[in-house]
Every structure is written in structure tokens, then in C-alpha cells.
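Trainee: Quick one: sequence and predicted model below, then my questions.
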Number of protein chains: 2
Amino acid sequence: MITKVNIDGFTYIDGGVCAARGFKAGGVHCGLTHAGAIDSGTKNDLAMLVADDECSAAAVYTTNKVKGAPIQVTRQNIADGKARGFIVNSVNANTCNADGIEKAEKMCQLAAKETGLKASDFIVASTGVIGQPLPIEPIEKGIPMLAKSLSYEGNAAAVEAIMTTDTVPKEVAVKFTLGDKECTMGGMLKGSGMIHPNMATTLSFITTDVNIAPEYLKRALSDVIKRTLNMASVDGDTSTNDMCCVMANGLAGNARITSEGEDFGKFTDALFVILLNLARMMARDGEGATKLIECVCTGAEDIRTAQTVAKSVITSSLFKAAMFGEDANWGRILCAVGYADADFDINKVDVSIASAAGKIDVCKNGSGVEFSEEKAKEILKEEEINIFVSIGSGECHAAAWGCDLTYDYVKINGDYRS
Amino acid sequence: MITKVNIDGFTYIDGGVCAARGFKAGGVHCGLTHAGAIDSGTKNDLAMLVADDECSAAAVYTTNKVKGAPIQVTRQNIADGKARGFIVNSVNANTCNADGIEKAEKMCQLAAKETGLKASDFIVASTGVIGQPLPIEPIEKGIPMLAKSLSYEGNAAAVEAIMTTDTVPKEVAVKFTLGDKECTMGGMLKGSGMIHPNMATTLSFITTDVNIAPEYLKRALSDVIKRTLNMASVDGDTSTNDMCCVMANGLAGNARITSEGEDFGKFTDALFVILLNLARMMARDGEGATKLIECVCTGAEDIRTAQTVAKSVITSSLFKAAMFGEDANWGRILCAVGYADADFDINKVDVSIASAAGKIDVCKNGSGVEFSEEKAKEILKEEEINIFVSIGSGECHAAAWGCDLTYDYVKINGDYRS
């Protein structure tokens, strides 16, 4: 397991999307499938969450021009900044189908019918193979059972239902205070892949009992997403169904956040902690991955430059393959730094490689420095690798998260039918 | 072997960089190495070419901020638009070393000494591992032997010397006429990798007996490179040492090309044929590749859009892995089309998959259409796969070349030290 990042003022707790009070969740196996699918066994494939009270809601979506039908329906349903629950399936992405919107709306209607809510109260999401009609019958049959199973301890059943080629469930939750009120925020995420070889789709859902106006929820999410999920990459493929949703039900009883004051800052930090941990878990569990790679770029003139450089390193196929081989081939790091679309002096670049086993400098002012290959091997044997790239005298920095490129990535994505 | 593209007015001949009259070439094994190298055997690692007469010369270089020292020296040496020869080594890239420029200049001086030419007459290039000092002694020892070996039939020895993880030598040459003069153009290329896991470095050298002014040689190269090598990708990593050079000695006796008339057009076409074939050979021989993938985007409003879409498809890791698995997972094609940074209506996109075994439509107006999985399997068994993406009603089109993503790509780049 990878380490959790410690940040003052936040305490990790269990419970995922059910950690905050007032959220019931559940997951069932309804038996979704698609052409060419292998048997998905009895893994949960349909998840639901319902809040006891109306929630402020915000979401961000993939920038891909091809957008899954569920995204289009969700966008409409939370246009008023409010939601009561979500319904999510895995196995089939309900994308690039002529009847996609109709099916996504049907999922909301079915959820509404069983819970006594309105269809427009629901966020809907799907993940799985693209371009194959979504069979609605298993969902129709599964939802009554799913609605009955909802509970304040249903987070584990829900997170199982959104997993695809994920090898571990990804959940995190924290406690913190706003004024004298104890608040909670928790989230779950799926990434990266499908049983049938598929998109590295990411779905994430976050719940909190904080009382916050929709506008400020949206603002916090837009800010944090740039520093977390948008800085993580498994294979550079931007999926069609990515979605990250936050629901806040206000049950903590804090003074409603309606401005960018101290409470907004703390709330944003909480969201950062949740999404930072989920992003790191996602990268570590990237398809076929054996290592989490974190690249921190410092000394940049502006944030965009730092982000561009850090992301360029963790997305380089050659560098990722070298990490799999535990080979300190730092020329590939410098190469990726060099082709990043940003403006800086390559002759001022320093590079270090680190892990729990230690740290070595490999490049100073753009040229190689001698280092112990033996020490490098020790460092690269670890499961979490840190790459530090300093690009000059600026004061901005950024981090990005990725994973190594392995035989299993190719196997998962290429070898299934062979 | 992949097929050569037939274009009217051009006849394929043998001879590579020695096909045109007046160019002597050669290659020797001088025994270059670097820290951590496996034994490179007796493969040639040092190539030279000398023209009987002064040549117009032009080159394009990598856009990486990290530029190999040889690039900086070459740029200076051909600033006057003239050159007499080249000296190239494999195994070590002479990049990111404090003494790189000095060593690259030394290579030119050594070549000049043995050939009675000036150091500034030479194009110099290196390819191999980055960030390790280039040992100059093997080159010092090898050059006299190399100079003696130069011959009008030395193309095969030269192309062997620039190969790294290339599995086949890449050469092509054509005959054509300008006015009543028979002209010849030939080229060689190396791509993609190194014995020690390394950059997907590309070097290419083209020679011709056409009489053309340096300015127009440069103009033709700038135009053609955009449609050929710049549209090919093995793994998306832009190397530090990429270089494509053209030398034209004028021995064909054609009226010197000094304007953009008919002869300039024909010359540009010849350069296109050479670089198109070399680009296709490079993509097919991409590290670990088993297939050449060509994506043609049509119906674009402008060339840039068509190029962006075609390139997005052939660089998608997920799509590339699906091609290795011979899986008609067209959702990944549409996904890559959708995240291409270009403006068009995704609901007008059609996709077909073809090869020597036939053609199937898989997507119409952005939604999937039924197709025979059996036929798809047959099509994808072939070694050359064509993806057609039509994005609307524009009149511009572009092609891009790539390869599948395989276990061997990971092995070559990650597994060497394990």
C-alpha cells in the first residue's frame, strides 16, 4: 500500500463516501455485460448513493469531445447546483450509442422510483466498454434490490461496484473542524480500465457534511482538480467518461460557506487532501503498474510551467519503462523535461531521484554528474519513487503522479482476445 | 517487409545514400561503448560520407530544448548552406555532457584530416545513450580505416553503422527526371532506440545529384518534413538528437533550381517519396512493433486539424495496445479523435478499419455500427493496418504513421537491467 500524505489539521478515518453523516450507499451485482465480454463473475456492477437531505453539488467532466451520455444527463441534472444521490454502473460506458441519453435518463428514473426522489435529483455515471448499447434490463432488475441495500455503512459495496480493472478499492476520508464544528469528507474513485480492454476511465465521488453554497463548492472543486486528478496520468489517454462529483449535505452545522474566507480555505484544503490521496492511489493502481511515480518540479516562474514539466516526465513512455526496469536512465527524464511545452533555461536544470531508500543527484545544470549505480538500484527498488526537477530560480512548484509502464499494461490492453 | 508507396514518375532503385552519383560512403566498427553497455559485438558504429563536389545542404533538428552537442556543431557548419560530408556514430549520443561540443568538433576535425577537407565541411551526428561522456579514442582510431573504406557502394556499411535497436536497415532511393536530365535521390534513416535502453532517436541522411540552391533545398525540406517524419511516432518521446539532413551535389546537370517552378515541385515530390518511405519503415520498425499503423484523416477544414487528429490516433497507447491484440476496439480510436486538440463536430465522425484483407466501417456519425468481428479479426491480422477517420465536410486530409504497443517495447526499454 502507498503512504497517505500527512497534512496538519486533517485526521484520516474509515468510511469512504459514507464517512460523512447522512449518506447511505450500496452496491449490487446486476449482471451487466457486452459483446465479447469475459464473464464478470459476481462482482458488484451497480452502485447507488442517497443523501438524507438535499445537497449542494458540483462536478467536473472530461474535456474529450466524445462525452459519455451519462455526462450529458448529469450536467443537466445538477445545473441548479443541487443533487440527492448518484447511480453508477461499470462494465458498459454507455458512450457512442444512438440511444445513450435515453438509457442514462432511464437509470435516473429507475433510481428515483425506488427512492421516492425525482429523476433530476440524480447524478448518473457509467464506465466500461465504449460503443456498445447498454442493456437496461439488468439495471431495471437490480435497482430495487440496490435501493433496499442502501446503508450508512454501504461504502465498501459501492466502491466495489465502480471498479473495473482496478486491483484495489480506492477510498479515503478525513475529519477536520470548521469553527467549532466537526466536519467530515470522504471519497471513492475508480481508475484505470475495464474487464474488456478499455479506456483508462476515472470516476470519483466525494461526499461531505459541510454546509457550503453550490457556487463555492464548484469554485473549490475547479481549483483542487487542477492540482490533483488533472496532474495524474496512467497512459495519456483522456477518456470519454471522466467525472468527479462532490455532494455537500450541510449536516455538520457549520456557518454556511458563502464567501472565500478562512472556512472556504479549510474546505478547499480538505478537498485537496481527499483528491490528492485518490490521485496517488489511482496512479499506483494504473493498469499493470508496479510503482507510483511522483515528479515534483520546483523553481518555475509560474505554476503552468511547473505543471507542464512535471506532467511531461510522468507521461514519458520511455521514462516509465525505465522505472519498471529500475534503471536510473536519467537522460530520459531530461529528455522529457526538454520537450515539455514551456519556457526555461535547460542549462539550469537539476535532477534528483529519491525514495524511502535515499536520494541521489543525477544531473546538475543540464549535465550528468557521477552517482553510485548501486545506490540508484536500491532507491528504484521501492514502490514509491520521487523525481525532483529544479528548473531555475522561480518560486512556483507543482507535482504530478504516474506509474511505470509494464508488460501487464500491454497484456491488460492488448492481449485479451489473443 | 512493408510495401513501398507507388508514385507516378518515380522509379525505386538500390543504393541508398550512394544511389546518386558522386557520393562515397562507408562504415566501420570502432568499438564505442558506455557505462552499463552490453557488448555491442562487431556491428559498425561509425559512418562517414564524402561527396566528390561541394553540396547544397539543409537540415532540420529536434525541437527538444535539450539538443545533442552534434546538432549545435552541425547547425554552425552548414549555416552557409554548404557541406561536403557527414560523420556519424551510434552507441553514445554525446548529449548532456560538459565536453560535448568539443568532442563533436573533434569528430569533424578527424574526418577532415583524413579526407583533406575542412572540419566545417562536415555534418556531425551521434545517437545512443544520453549523459555519458563520449570516448573519443575509438573514433580517433577508427576514422583512418573508415576514410580508406569509402566507396560508391558503401551505403550498406554506412547504414549499419547508424543502426541501434533497429532490426532492419532503412534505405530507399528513386530515379526521376528534371527536364531531360535523369536525377537520383536516396536516403537512409535510423530509428528507434539503442542497445542500452534509450531515446527513440531518429537520424536521417539524404543525398541527391540534383542541382538546387541551398535556399530552395531548405524550403523543400521544411515542407516535406511536416508531412513525413513529423507525422510518425513510435512512443511520443521527442528525442534530443533528431536530425534530418539533405545534401545535393548538382552532378545531374539539370538547370539549377532557384525558384518555385515545376522543377522545384518535382524535386519536392522526390524528397516526399524518400521521406515518406523512410517514415513508414521507421514506424514499422518501432521498438517492439509487429505492425505498421497508418491513420488517414479526411474531411478536415484545414491541414493542421487533419494532422492533429491522425497523430492523436496513432499515438494513443490504448489504441496501440489494441492493435497488438488485433482487437477492433474502435472506441479507443474515437476517444483519441475526441481528445485531439482541434475543432470539429464529433457527431460527424466516421471511422473505418482496413488492410490488405479488406475494409469495415465501425462508426458512423459518432455512433457505433454493427460489423463482423470475424472480418475485423482477418483485417487486423495483417502487418499494415489503415485507419480512416472522416471528420466532416472539409477538403483537407493528412496521414500519420505509428506502430502497435507490445511486450517487446517494454522489454527493450525497461527490462534490460532486470
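Mentor: The structure has been received and is ready for your questions. Residues are numbered from 1 along each chain as shown, chains lettered A, B, ... in the order given.
Trainee: how about the helix or strand encompassing A:Ala279 against chain B, any contact?
Mentor: According to DSSP states H and E, A:Ala279 maps onto helix A:262-284. No. Remark: helix A:262-284 sits outside contact range of chain B, by Cβ under 8 Å from any Cβ of the partner chain, the gap being at least 14.9 Å. From N, CA and C alone the C-beta is placed, and that goes for glycine too.
Trainee: ok, and what's touching stretch A:138-149?
Mentor: A:26-33, A:46-48, A:87, A:89, A:106-107, A:110-111, A:113-115, A:157 (Cβ atoms under 8 Å, 6 or more residues apart in numbering or on different chains).
Trainee: Please list the members of those that lie in helices.
Mentor: Of the contacts of stretch A:138-149, the ones assigned to helices by DSSP state H are A:106-107, A:110-111, A:113-115, A:157.
Trainee: Tell me the one among those residues nearest to B:Asp341.
Mentor: Using Cβ to Cβ, A:Met107 is the member of the ones in helices among the contacts of stretch A:138-149 that sits closest to B:Asp341, with 31.9 Å.
Trainee: which residue packs closest to the residue of the stretch 201-350 of chain A found nearest chain B, ignoring adjacent ones?
Mentor: Closest to chain B within the stretch 201-350 of chain A is A:Gly331: 2.8 Å, counting by Cβ to the nearest Cβ. Distances taken as Cβ to Cβ, 6 or more residues apart in numbering or on different chains place B:Ile130 nearest to A:Gly331, at 2.8 Å, with adjacent residues excluded.
Trainee: And the residue in chain A sticking out farthest from the centre, how far from B:Tyr216?
Mentor: Distance to the chain centre peaks in chain A at A:Glu370, reaching 38.0 Å (criterion: Cα atoms, centre = their mean). The spacing between A:Glu370 and B:Tyr216, counted by Cβ to Cβ, to the nearest Å, is 48 Å.
Trainee: What of A:Gly414?
Mentor: A:Gly414 is 45 Å from B:Tyr216, by Cβ to Cβ.
Trainee: These two - which one has more neighbours?
Mentor: Higher neighbour count among A:Gly414 and B:Tyr216: A:Gly414, with 26 against 22, using other Cβ atoms under 10 Å in any protein chain shown.
Trainee: ok, the more buried one touching B:Val410?
Mentor: No. A:Gly414 lies out of contact with B:Val410 (Cβ atoms under 8 Å); the separation is 11.1 Å.
Trainee: Wait, A:Ala283 touches A:Cys295, no?
Mentor: No. Between A:Ala283 and A:Cys295 there is no contact under Cβ under 8 Å: 10.7 Å.
Trainee: so who does whatever residue of the stretch 1-150 of chain A ends up closest to chain B touch?
Mentor: Per Cβ to the nearest Cβ, A:Ile130 is where the stretch 1-150 of chain A lies closest to chain B, at 2.8 Å. The contact partners of A:Ile130, taken as Cβ under 8 Å, 6+ apart, are A:93, A:95-96, A:198-199, A:240, B:331-332, B:334-335.
Trainee: Let me see the domain layout of chain A.
Mentor: According to automatic domain parsing, chain A comprises the domains A:11-283, A:292-414.
Trainee: I figured A:Ser367 was touching B:Asn94, is that so?
Mentor: No. Assessed by Cβ under 8 Å, A:Ser367 is found out of contact with B:Asn94, at 11.9 Å.
Trainee: So which of those two has more stuff around it?
Mentor: For A:Ser367 versus B:Asn94, neighbours defined as other Cβ under 10 Å are more numerous around B:Asn94 (31 against 17).
Trainee: The more buried one sits in which helix or strand?
Mentor: Secondary structure assignment for B:Asn94, by DSSP H and E: no helix or strand.
Trainee: Report how many residues lie close to A:Thr3.
Mentor: That count, for A:Thr3 with other Cβ under 10 Å as the rule, works out to 11.
Trainee: Quick check: nearest residue in space to it, chain neighbours excluded?
Mentor: A:Glu384 (6.8 Å).
Trainee: In the stretch 101-250 of chain A, mark out all the helices, start to finish.
Mentor: A:137-149, A:155-162, A:214-227 (DSSP state H, counting those that start in this stretch).
Trainee: Who does A:Ile257 form a beta bridge with?
Mentor: A:Ile212 (DSSP bridges).
Trainee: The stretch 251-400 of chain A against chain B: which residues are in contact?
Mentor: Contact residues, the stretch 251-400 of chain A versus chain B (Cβ under 8 Å from any Cβ): A:316-318, A:320-327, A:329-332, A:334-339, A:344, A:346, A:363, A:366-368, A:373.
Trainee: Contacts only, for A:Leu405.
Mentor: Contacts of A:Leu405 (Cβ under 8 Å, 6+ apart): A:288, A:317, A:320-321, A:323-324, B:410, B:413-414.
Trainee: Now it: closest residue in space, sequence neighbours ignored.
Mentor: Residue nearest to A:Leu405 in three dimensions, not counting chain neighbours: A:Lys320, with 3.7 Å by Cβ to Cβ, 6+ apart.
Trainee: helix or strand for that neighbour, which one?
Mentor: helix A:317-324.
Trainee: Which strands or helices does that helix pack on?
Mentor: Packing partners of helix A:317-324 (3 or more Cβ pairs under 8 Å, 6 or more residues apart in numbering or on different chains; DSSP states H and E): helix A:331-339, helix B:407-414.
Trainee: Now do the next helix or strand after the longest one, average pLDDT.
Mentor: Yep, that's helix A:331-339 we're talking about. Once the chain leaves helix A:331-339, the next helix or strand it forms, by DSSP H and E, is strand A:350-355. Mean pLDDT, strand A:350-355: 97.
Trainee: In stretch A:209-221, which residues are buried?
Mentor: Residues A:209-214, A:216-221 are the ones in stretch A:209-221 that count as buried (16 or more other Cβ atoms under 10 Å in any protein chain shown).
Trainee: what do you get for stretch A:371-385?
Mentor: Of all the residues in stretch A:371-385, those buried under the rule 16+ other Cβ under 10 Å are A:371, A:376, A:378-380, A:382, A:385.
Trainee: Could you list the low-confidence segments of the stretch 1-150 of chain A?
Mentor: The stretch 1-150 of chain A contains residues with pLDDT under 70 at A:1, A:34-40.
Trainee: now the strands: where do they sit in it?
Mentor: Ranges of strands in the stretch 1-150 of chain A, per DSSP state E, counting those that start in this stretch, are A:11-13, A:23-28, A:46-61, A:82-89, A:122-126.
Trainee: just these: most buried one?
Mentor: Across the strands of the stretch 1-150 of chain A, averaging neighbours per residue (mean count of other Cβ atoms under 10 Å in any protein chain shown) puts strand A:122-126 on top, at a mean of 29.
Trainee: Which neighbouring elements make contact with it?
Mentor: The helices and strands touching strand A:122-126, judged by 3+ Cβ pairs under 8 Å, 6+ apart, are helix A:69-77, strand A:82-89, helix A:100-115, strand A:243-248.
Trainee: In CSV, could you pull the C-alpha coordinates for the shortest one?
Mentor: To tie it back to what came earlier, the one meant is strand A:243-248. Backbone C-alpha positions of strand A:243-248 (Å, rounded to 0.1, in the frame of the first residue of the first chain) are rendered in CSV as follows:
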residue,chain,number,x,y,z
MET,A,243,-16.3,12.7,-14.0
CYS,A,244,-15.6,14.0,-10.5
CYS,A,245,-18.6,14.9,-8.4
VAL,A,246,-18.9,16.4,-4.9
MET,A,247,-22.1,16.4,-2.8
ALA,A,248,-22.3,18.5,0.4
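Trainee: for that strand, the distance to its chain's centre please.
Mentor: 11 Å (Cα atoms, centre = their mean, to the nearest Å).
Trainee: same question, the second one
Mentor: Relative to the chain's own centre, strand A:82-89 is displaced by 17 Å; criterion: Cα atoms, centre = their mean.
Trainee: same thing with the longest one?
Mentor: Once both centres are worked out by Cα atoms, centre = their mean, helix A:100-115 turns out to sit 25 Å from its chain's centre.
Trainee: Kindly report the same for stretch A:254-265.
Mentor: 25 Å.
Trainee: How about stretch A:173-180?
Mentor: Distance, centroid of stretch A:173-180 to centroid of chain: 22 Å (Cα atoms, centre = their mean).
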